[in-house]
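Novice: test case, fold it:
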Amino acid sequence: MIKLQVIGNLGKDCIVNEVNGKKVINFSVAHSERYKDSQGNPKERTTWVECAYWTDRTAVSEYLTKGRTVYAEGTPEADAYTNKEGKVAATLRMRVQNIQLLGGNAGEGGGNGSSQGNVSNAGATSAPVVNTSASSVGGGTDDDLPF
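Specialist: Down below sits the predicted model:
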């Protein structure tokens, strides 16, 4: 199995679609990398990953908004196509198996961790489970965390 992991920001609000009676949450994650070229000039490269999260429980979609920082992992796919200029290009896609919300929305000043949570879809037949931070589940505190 090949597994792709990406941490980045959502480029726009997610879209919930229905395909053949099954629900899918579609969203795009951008990861930017800063580096210096061979002449020492600063450069930035952004890689976009088109994500599809197949699930019947779409409540997480309200949190998948433009600017949100997320961690997503799943199975990658690459599609080649010819762009408007006639050049061959590629799209990186991922069938998401796990999503973790990191920080806050872009308008929340980066958040303080209170909006972190996990959403996973470990198997094709299992329902996703939403876990929020320890401070909001069972009345625990950050001191209860093992790390």
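Novice: wait, what's in contact with the residue of the chain positioned farthest from its centre?
Specialist: Among the residues of the chain, the one whose C-alpha is farthest from the average of all C-alpha positions is Gln39, by Cα atoms, centre = their mean at 33.7 Å. Counting by Cβ atoms under 8 Å, 6 or more residues apart in numbering, Gln39 touches no other residue. In short, each C-beta sits where N, CA and C put it, glycine included.
Novice: would it be right to say that it lies in a helix?
Specialist: No - when DSSP: H, G, I helix; E, B strand; the rest coil is applied, Gln39 is found to be coil, with no helix at that position.
Novice: local confidence estimate at it?
Specialist: On pLDDT, Gln39 comes in at 94.
Novice: what do you get for Val6?
Specialist: For Val6, the model assigns a pLDDT of 94.
Novice: measure it to Glu50 for me?
Specialist: Relative to Glu50, Val6 is positioned 11 Å away (Cβ to Cβ, to the nearest Å).
Novice: which neighbours do these two share?
Specialist: Shared contacts of Val6 and Glu50, defined by Cβ under 8 Å, 6+ apart, are found at Met94.
Novice: neighbour-wise, which of these two wins?
Specialist: Between Val6 and Glu50, counted using other Cβ atoms under 10 Å, the more crowded position is Val6 (20 against 15).
Novice: thought the more buried one was touching Tyr71?
Specialist: Yes - Val6 lies in contact with Tyr71 (Cβ atoms under 8 Å); the separation is 7.4 Å.
Novice: can you list the weak-confidence ranges in the protein?
Specialist: For the chain, the stretches with pLDDT under 70 are 104-147.
Novice: show me where it has its helices.
Specialist: Secondary structure of the chain by DSSP state H: no helices are present.
Novice: the strands in it, which residues?
Specialist: Shown for the chain, the strands assigned by DSSP state E span residues 4-10, 15-19, 22-36, 42-54, 69-82, 88-102, 117-120, 129-132.
Novice: could I get those as JSON lines with distance to Tyr63?
Specialist: Supplementary listing: these in JSON lines, determined by distance: least, Cβ to Cβ, whole Å:
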{"stretch": "strand 4-10", "distance to Tyr63": "10"}
{"stretch": "strand 15-19", "distance to Tyr63": "12"}
{"stretch": "strand 22-36", "distance to Tyr63": "11"}
{"stretch": "strand 42-54", "distance to Tyr63": "12"}
{"stretch": "strand 69-82", "distance to Tyr63": "9"}
{"stretch": "strand 88-102", "distance to Tyr63": "6"}
{"stretch": "strand 117-120", "distance to Tyr63": "8"}
{"stretch": "strand 129-132", "distance to Tyr63": "10"}
